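Peer 1: Below: sequence and its predicted model.
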Amino acid sequence: MTYCVALRLEGGLVMLADTRTNAGVDNISTFRKLSVIEHPGDRVIGLMTAGNLAVSQAAINMATEQGVRVRGSDELETLHTVPTMVRAAQLMGEAVREVYRNDGPSLEAQSGEFSVSILMGGQVGNGELRLFQIYSAGNYIEATEDTPYLQIGEHKYGKPIIDRALSYDTPLMDGLKLALISMDSTMRSNLSVGMPIDLMVYRRDALKVAMQRRIKEDDEYFKGLRSAWSDALTQAYRAIPSPSWEF
């Protein structure tokens, strides 16, 4: 399993992904699920994946290296050449469909599941900063100012803090803290999500990555954040008046 969360805020983009793909007593694997395409001055596109690892890797390789023909075009395009983020979402969806055409029947014949979810956010040229979620069918949805975040994977434990505290005008640094708290909440409740975690921050219109970082178990800031959040929750519930019910 995995957990990935992306925030599209007024100030920019935050993308955060864990690296665990299998979990068990003797079966734990780590793979990078956050990929970043950066051509300074031209484009920054971040990709995060959940689901069947072979499917997601094949789709991303197709979209970044081999090239894909988007419907209505005879030209091969990649995420390095698409003119807009909408075109990038269309291309990524077509890549997923092409992988299904190639591998879907074989997977299903072996009782395998064709499952992939992709979060893709970024900015191309003078276009708008956008954030999309691409599904296994190749279709997609887009984050909006009303719902400025998207999640894939084991998202239910990390969703409440974002729902309560995040809005489109949340400062970028506060959004980063909320994403990290969301990840910590998920890791505390689900063994299939684990360290290290990969982070990318992009400031709107910069057309270059502001920060890219791998956060490991010994990261001092993250350890402090986990402890501070646990203490804050304990203090908050203790400060709430007890009910007057008798029992």
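Peer 2: Ah, there it is.
Peer 1: any idea of the pLDDT on the spatially closest residue to residue 40 that is not a sequence neighbour?
Peer 2: Nearest non-adjacent residue to residue 40, counting by C-beta to C-beta, 6 or more residues apart in numbering: residue 208, 4.4 Å away. In short, each C-beta sits where N, CA and C put it, glycine included. Note on residue 208: pLDDT of 98.
Peer 1: try residue 12
Peer 2: pLDDT, read off for residue 12, is 98.
Peer 1: ok, it to residue 6 distance?
Peer 2: Distance from residue 12 to residue 6, counting by C-beta to C-beta, to the nearest Å: 11 Å.
Peer 1: repeat for residue 77
Peer 2: Distance from residue 77 to residue 6, by C-beta to C-beta: 23 Å.
Peer 1: out of those two, which sits in the more crowded spot?
Peer 2: residue 6 (27 against 19; other C-beta atoms under 10 Å).
Peer 1: Might you report the residue contacts of the more buried one?
Peer 2: Residue 6 is in contact with 13-16, 46, 48, 119, 121, 131, 143, 149-151, counting by C-beta atoms under 8 Å, 6 or more residues apart in numbering.
Peer 1: ranges for the strands of this structure?
Peer 2: Remark: strands assigned in the chain by DSSP state E are 3-9, 12-18, 20-22, 29-30, 34-39, 43-51, 68-69, 76-77, 116-124, 130-134, 140-142, 149-153, 197-203, 209-215.
Peer 1: Using CSV, lay out those together with distance to residue 89.
Peer 2: Shown next, in CSV, are the strands of the chain (distance: least, C-beta to C-beta, whole Å):
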stretch, distance to residue 89
strand 3-9, 13
strand 12-18, 15
strand 20-22, 25
strand 29-30, 28
strand 34-39, 14
strand 43-51, 10
strand 68-69, 12
strand 76-77, 12
strand 116-124, 6
strand 130-134, 4
strand 140-142, 5
strand 149-153, 12
strand 197-203, 17
strand 209-215, 20
